[in-house]
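Below are the sequence and a predicted model for it; my questions follow.
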Amino acid sequence: MLAVRTALGDQVFTVGDHVVRALCKALDAYRDPDDRGECIGCGGRRLDENLHCVDCGQLHGILGQVIAHHVRRAAAAAGEGGIG
Ligand SMILES: [Zn+2]
C-alpha cells in the first residue's frame, strides 16, 4: 500500500511491491528542472537560465566554456605585446 498525504488530505493506494519499488526508483531518479546545480567557481546554487552564476559571474555549460576560452585567448594575445 502507498499512502500520500497532502494539504488536501490523505489518499491511500493499493499497489503491489513492484510498483512501490518502481515509484521509489522514479523518485530517486527525479531531478528538479529548476535546479541547475552548483557553481564550479564559488559553489553557490544561484545559476540563472543562462547558467551564469549570480554570485561570482562564472559561466557554465558549453556556451560558457566557449566564451571563457575566447576570453582567455584574447587576454593571452593582448598579453603577448600586440599593442604598445
Ligand atoms: Zn559562482
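Cool, the structure landed.

how many neighbours does the closest residue to Asp10 other than its chain neighbours have?
Leaving aside its chain neighbours, Asp10 sits nearest to Ala3 (6.2 Å; criterion: Cβ to Cβ, 6 or more residues apart in numbering). Every residue, glycine included, has its C-beta placed from N, CA and C. If you count neighbours by other Cβ atoms under 10 Å, Ala3 ends up with 8.

mind checking the SS state of Ala3?
strand (DSSP: H, G, I helix; E, B strand; the rest coil).

ok now do the residue lying closest to Gly57 once chain neighbours are set aside, which residues does it touch?
Once flanking residues are discounted, Gly57 sits nearest to Gly41: 7.7 Å by Cβ to Cβ, 6+ apart. Counting by Cβ atoms under 8 Å, 6 or more residues apart in numbering, Gly41 makes contact with 53, 56-58.

Let me see the contact set for the residue nearest to Asp10.
Contacts for Ala3 (Cβ under 8 Å, 6+ apart) come out as 10-13.

Flag the least confident of these.
Least confident entry in those, by pLDDT: Phe13, with 85.

And the average pLDDT for stretch 33-45 is what?
87.

what's the span of that stretch from first residue to last?
From its first residue to its last, stretch 33-45 covers 13 Å (Cα to Cα, to the nearest Å).

Are it and the ion in contact anywhere?
Yes. Contact between stretch 33-45 and the ion is present through 39, 41-42, 44 (criterion: Cβ under 5 Å from the ion).

wait, doesn't Asp55 sit right on Arg46?
Yes. In this structure, Asp55 is within contact of Arg46 by Cβ atoms under 8 Å, at 5.8 Å.

who touches both of those two?
By Cβ under 8 Å, 6+ apart, Asp55 and Arg46 have these common neighbours: Cys39.
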